[in-house]
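Participant: please find the sequence and the predicted model below.
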Amino acid sequence: MTPTFKIRLQPWVIFFTFYVTQGQNRASYRATMSHNQDQHYIDRALSGDTRAFEVLIENYKHMVFTLALKMVKNREDAEEVAQDAFIKAYSALSTFKGDSKFSTWLYKIVYYRSLDYLKKNKRQLQTTAIDVSEE
């Protein structure tokens, strides 16, 4: 069977989808393209191009928010965690070595930011009103 190619144009990014009969080949091809594209935007962001980091945010905002929401169980808190995670990722971008995918590195940041958030909120004194009525 002859492989077919599809090209979908989206802002800043071109996605190539390679269809073959074996699903594993398709997944590894997509991962390679994504990894290469991520590295391109990472390099541009490191050279001072803030728009390049905006592309990374756009590509991963759903993953980041979904993980944060699953961990903190509150939409507003998840938005805060996601924002903190992207700020941390931007400030630590120079430490990204490329040994793993950018999404894996970012996932780890979101995970630990979520844990930090949960620990911070757990330490706060939580009080509950108790109705004591005498019979």
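Facilitator: The structure has been received and is ready for your questions.
Participant: contacts and neighbour counts: CA atoms only from here.
Facilitator: Will do.
Participant: helix or strand with the lowest mean pLDDT in this protein?
Facilitator: Ranking every helix and strand in the chain by mean pLDDT, DSSP states H and E puts strand 13-19 at the bottom, with a mean of 33.
Participant: show me where the protein has strands.
Facilitator: 4-10, 13-19 (DSSP state E).
Participant: all helices of the protein, in order?
Facilitator: Ranges of helices in the chain, per DSSP state H, are 23-46, 50-72, 75-91, 102-123.
Participant: turn those helices into CSV, columns for distance to residue 130, mean neighbour count and mean pLDDT.
Facilitator: Shown next, in CSV, are the helices of the chain (distance: least, C-alpha to C-alpha, whole Å; neighbours: other C-alpha atoms under 10 Å; pLDDT from 0 to 100):
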stretch, distance to residue 130, mean neighbour count, mean pLDDT
helix 23-46, 53, 15, 69
helix 50-72, 26, 17, 95
helix 75-91, 27, 18, 96
helix 102-123, 20, 16, 92
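Participant: redo those as TSV? Include distance to residue 131.
Facilitator: Formatted as TSV, the helices of the chain follow (distance: least, C-alpha to C-alpha, whole Å):
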stretch	distance to residue 131
helix 23-46	56
helix 50-72	29
helix 75-91	30
helix 102-123	24
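Participant: list the contacts of stretch 80-94.
Facilitator: Contact with stretch 80-94 is made by 42, 46, 53, 57, 61, 64-65, 68, 106, 109-110, 113-114, 117, as judged by C-alpha atoms under 8 Å, 6 or more residues apart in numbering.
Participant: pull the CA atoms of that stretch into PDB?
Facilitator: Output of stretch 80-94 as PDB, limited to C-alpha atoms (Å, rounded to 0.1, in the frame of the first residue of the first chain):
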ATOM      1  CA  GLU A  80      -3.500  29.600  38.200                       C
ATOM      2  CA  VAL A  81      -1.400  26.400  38.300                       C
ATOM      3  CA  ALA A  82      -1.200  26.400  34.500                       C
ATOM      4  CA  GLN A  83      -0.100  30.000  34.400                       C
ATOM      5  CA  ASP A  84       2.500  29.400  37.000                       C
ATOM      6  CA  ALA A  85       3.700  26.300  35.100                       C
ATOM      7  CA  PHE A  86       4.200  28.200  31.900                       C
ATOM      8  CA  ILE A  87       6.000  31.000  33.700                       C
ATOM      9  CA  LYS A  88       8.300  28.400  35.300                       C
ATOM     10  CA  ALA A  89       8.800  26.700  31.900                       C
ATOM     11  CA  TYR A  90       9.700  30.000  30.300                       C
ATOM     12  CA  SER A  91      12.200  30.900  33.000                       C
ATOM     13  CA  ALA A  92      13.800  27.400  33.000                       C
ATOM     14  CA  LEU A  93      13.700  26.900  29.200                       C
ATOM     15  CA  SER A  94      17.500  27.100  29.100                       C
END
